[in-house]
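S.K.: All I have is the shape, not the residue letters:
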């Protein structure tokens with residue numbers, strides 16, 4: 001019976017995950033005013049629970065060059081609750097400097113200007129679009145150069161509709177130093193990054209991870225199956241010297257060279 005259940009689960013899992021493809025949408029994008037035009041960031045929000053975020057990915061299309069038809073960045077297998085919003089950025093230091101909190105993910109593919117488009121994929125199919133991938137956004141309704149664009153609804157649309165978004169307008173963030181003090185702040189500056197779970201929460205590590213057992217005499221310290229940290233005590237041919245026969249040593253005699261541990265554990 002257990003084997004039958006596991007077989008059925010394996011068969012149904014792809015359909016269950018595909019059923020979550022309408023549960024994530026692009027919340028907005030920011031082309032920031034700090035050094036280098038940072039932070040450059042993309043926000044995504046969950047309209048429903050997502051058990052495995054890795055079915056989603058993002059593509060950035062610059063200068064109206066057209067979509068390549070595939071995600072350039074795929075999320076890890078994290079989980080989101082309905083209402084959660086996550087951020088991707090090129091530089092978390094600059095992102096934190098502007099927003100006051102860290103983005104959840106960091107990747108260079110978000111290195112965009114406010115005239116570039118984004119596509120959100122789910123299981124290989126386009127789920128949502130910000131901007132026209134086939135048009136340079138300069139001078140377009142949806143241009144957000146040195147500004148931001150934010151979704152006006154919580155619905156993913158695989159066909160871009162400029163009326164479904166709110167825009168700061170070009171150069172709205174010029175001279176600003178933080179979202180909190182900006183004249184035209186990004187309207188939904190929140191993040192609900194997936195919680196990091198550990199097999200050993202007290203240590204904030206997983207079984208098999210390197211650790212420090214506090215014993216200078218041990219090596220290769222590792223988190224054990226009972227969530228303790230333990231290393232191994234190295235064994236030596238000559239425990240007193242903590243060396244093996246043939247190892248280099250120092251016999252204390254400046255007149256000798258090539259000091260080596262002898263078979264009787266003298267140096």
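M.R.: Done, it's in. Bear in mind the structure is a predicted one, so any value in this text is a computation, not a measurement. Residues are numbered from 1 along each chain as shown.
S.K.: Sticking with residue 97, tell me its helix or strand.
M.R.: Per DSSP states H and E, residue 97 falls inside helix 92-99.
S.K.: Give me the next element, helix or strand, following that helix.
M.R.: Downstream of helix 92-99, the first helix or strand assigned by DSSP H and E is strand 105-106.
S.K.: who does that next one pair up with?
M.R.: Strands adjacent to strand 105-106 in the sheet, as given by DSSP bridges, are strand 85-89 (parallel).
S.K.: before we move on, back to that, run the chain-centre distance for the helix holding residue 97.
M.R.: With Cα atoms, centre = their mean, to the nearest Å as the basis, helix 92-99 stands 15 Å off its chain's centre.
S.K.: That one - what's its average pLDDT?
M.R.: Mean pLDDT, helix 92-99: 97.
S.K.: Residue 148 bridge partners, please.
M.R.: Beta bridges link residue 148 to residue 30 when assigned by DSSP bridges.
S.K.: Any idea how many residues pack against it?
M.R.: Neighbour count for residue 148, taken as other Cβ atoms under 10 Å: 27. Yep, even glycine has a C-beta here, placed from its N, CA and C like the rest.
S.K.: from what I can see it touches residue 33, true?
M.R.: No - Residue 148 is beyond contact range of residue 33, at 10.5 Å (criterion: Cβ atoms under 8 Å).
S.K.: Tell me which residue is most central in this structure.
M.R.: Geometric centre of the chain, nearest residue: residue 105, 3.0 Å, by Cα atoms, centre = their mean.
S.K.: which residues does that residue bridge with?
M.R.: residue 88.
S.K.: Just list the residues touching residue 104, thanks.
M.R.: Contact analysis of residue 104 by Cβ atoms under 8 Å, 6 or more residues apart in numbering lists 86-88, 191, 193-194.
S.K.: For the nearest residue to it once chain neighbours are set aside, give me its contacts.
M.R.: Closest residue to residue 104 apart from its sequence neighbours, by Cβ to Cβ, 6 or more residues apart in numbering: residue 193 at 3.8 Å. Each residue near residue 193 by Cβ under 8 Å, 6+ apart is listed here: 86, 102, 104.
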